[in-house]
Structure formats: C-alpha cells, structure tokens
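Undergrad: Fold the stuff below for me.
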Amino acid sequence: MGELAAVLWDLDGTLLDSEPYWIAGEYALVEHHGGTWTDEDAHAIVGFDLLDAAVEIKRRSGIPPNPQEIVDHLMLEVRDQIRDHQPWRPGAVELLSECRATGVPCALVTMSWRPIVDAVAAALPPGSFAALVPGDEVARGKPDPEPYLHAARALGVDPADCVAIEDSPTGVAAALAAGCATLGVPHVVDIAPADGLTLVDSLDGIGLDQLRDLVAHR
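TA: Numbering: from 1, shown residues only. Predicted structure coming up:
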C-alpha cells in the first residue's frame with residue numbers, strides 16, 4: 001500500500017468558485033462582438049486549456065478576435081475579479097490548511113495562466129503551495145497528463161502516491177492518465193464514474209485521512 005506524498009489541486013471550480021467569473025466574461029465578450037453564447041457553450045469548455053477554450057469560443061460564436069486575444073481579455077478580467085474577491089469552494093481552504101500544517105506538500109495544477117495563479121497564491125497563506133503549474137507553462141494542457149506529471153516531478157514524488165482534486169471531466173482525465181488517485185468534486189458540470197476516481201459532493205468535511213485512504217486502497 002502506498003502513502004500519501006502530495007496533494008495536487010485544480011484551481012477553477014475546485015479550489016476557487018471562479019467558473020462564474022469565466023462564464024460571465026465569455027458572455028460579455030461574445031455579446032460585445034455581436035455573437036451568441038449559451039450556458040451549453042460555456043459548460044462545454046469547462047476545464048479546457050485556455051487556448052483550446054478560446055478556439056472553441058471563436059468557433060461557436062464566430063466573433064472576430066483571435067484565440068490569443070480572447071485569452072488575454074478573459075484572463076485579465078478574471079484575474080482582477082479574483083484580486084477583489086476569492087470565493088473559495090466549501091472545505092477547500094480547510095483541507096489546504098491541514099496539508100500545510102502537517103507538512104503534506106501541495107501543488108496547484110491549473111489551465112489558468114500565470115497572472116491568475118499568482119493572484120490566487122497571493123490570497124493564501126505563504127507556503128500553501130510548494131509548486132505552481134499554470135497552463136501557459138506546459139506544452140500540453142489537460143486532458144493530457146503533462147500538467148500533473150510536471151507537478152509530481154517538481155515535488156519529487158511519484159504521481160501514484162498523489163491525490164489530485166478535480167471538478168471537471170477534462171481535469172479528471174488528465175489526473176487519471178498521470179496515474180494519480182483522483183478525487184472528483186463536480187460543480188458546474190457532471191463527472192462520469194471511472195476506475196481510480198472517487199466522487200464526492202463537496203470537500204466540506206474531507207480531511208487528510210480520507211486522502212490517505214485513497215492512496216492506500218487504490
């Protein structure tokens with residue numbers, strides 16, 4: 001049986017309830033350029049690499065900005081909102097604090113880019129994360145396993161001894177492909193059951209004992 005070596009956290013929708021910021025920004029951008037956007041469109045790109053999401057926004061809406069321009073606009077808008085207010089997901093900060101207090105290293109593994117990652121890290125106590133893996137600093141984003149493999153290397157641990165916490169099918173696919181025990185906490189979109197995946201309604205009440213069990217009994 002393995003022992004828990006690290007906890008690897010997704011950001012949007014898992015640690016922070018920031019998906020509404022992204023979705024509101026998508027609506028505003030598309031409507032500003034005369035396009036049409038729906039909740040179905042928004043939910044279809046939850047968890048995507050930002051450039052992949054921007055390609056899909058442009059494809060679905062037909063607006064003129066190129067994908068990089070779409071990312072730049074949305075990212076800065078969301079960053080500013082996060083700086084003003086951090087809507088933490090239930091139980092997330094408490095679990096992160098338990099990890100810090102007991103010396104279990106954590107990494108933030110997200111498709112959000114460095115400006116957003118830095119804003120989130122600045123809002124948390126120093127030392128909350130031993131590694132930060134933003135989406136603009138990996139070659140292949142989720143659902144590819146690279147972000148989680150990169151995080152494990154940065155922490156010097158085996159992915160099989162890590163628990164990844166995710167809220168989207170895309171993120172879950174990346175974590176499972178990397179070999180992590182995976183805790184799914186569906187929020188904006190549903191997550192289908194899968195081998196190696198444990199689903200919970202909330203992180204409220206989830207502690208390190210439960211995460212250790214995920215590694216030990218996989």
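
Undergrad: tally of neighbours for the nearest residue to residue 37 once chain neighbours are set aside?
TA: Leaving aside its chain neighbours, residue 37 sits nearest to residue 30 (4.1 Å; criterion: Cβ to Cβ, 6 or more residues apart in numbering). Glycine gets a C-beta too; all of them are placed from N, C-alpha and C. Around residue 30 there are 23 other residues, counting by other Cβ atoms under 10 Å.

Undergrad: show me the residues around residue 30 that make contact.
TA: Counting by Cβ atoms under 8 Å, 6 or more residues apart in numbering, residue 30 touches 36, 37, 57, 61, 63.

Undergrad: Just put those residues in TSV and tack on neighbour count and pLDDT.
TA: TSV is the format used below for the contacts of residue 30 (neighbours: other Cβ atoms under 10 Å; pLDDT from 0 to 100):
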residue	neighbour count	pLDDT
36	12	96
37	18	98
57	26	98
61	21	97
63	20	97
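
Undergrad: and which of the residues you listed is nearest to residue 208?
TA: Set against residue 208, the nearest of the contacts of residue 30 by Cβ to Cβ is residue 57 (38.2 Å).

Undergrad: residues making contact with the helix or strand encompassing residue 72?
TA: Assigned by DSSP states H and E, residue 72 belongs to helix 67-84. Applying Cβ under 8 Å, 6+ apart, the external contacts of helix 67-84 come out as 16, 18, 21-22, 25-26, 29, 50-51, 53-55, 57-58, 63, 65, 112-113, 115-116, 119-120, 123.

Undergrad: Okay, and which of these map to helices?
TA: Mapping the contacts of helix 67-84 onto helices (DSSP state H) picks out 21-22, 25-26, 29, 50-51, 53-55, 57-58, 115-116, 119-120.

Undergrad: So among those, which ones count as buried?
TA: Among those, the ones that count as buried by 16 or more other Cβ atoms under 10 Å are 21-22, 25-26, 29, 50-51, 53-55, 57-58, 115-116, 119-120.

Undergrad: Out of the residues you listed, which two sit at the greatest distance?
TA: Distances among these were taken as Cβ to Cβ; the most separated pair is 58 and 120, at 26.5 Å.

Undergrad: before we move on, the earlier item: identify, from the buried ones among the ones in helices among the contacts of helix 67-84, the entry nearest to residue 98.
TA: Nearest to residue 98 among these, counting by Cβ to Cβ, is residue 120 at 18.3 Å.

Undergrad: distance of that closest one from residue 55?
TA: Distance, residue 120 to residue 55, by Cβ to Cβ, to the nearest Å: 25 Å.
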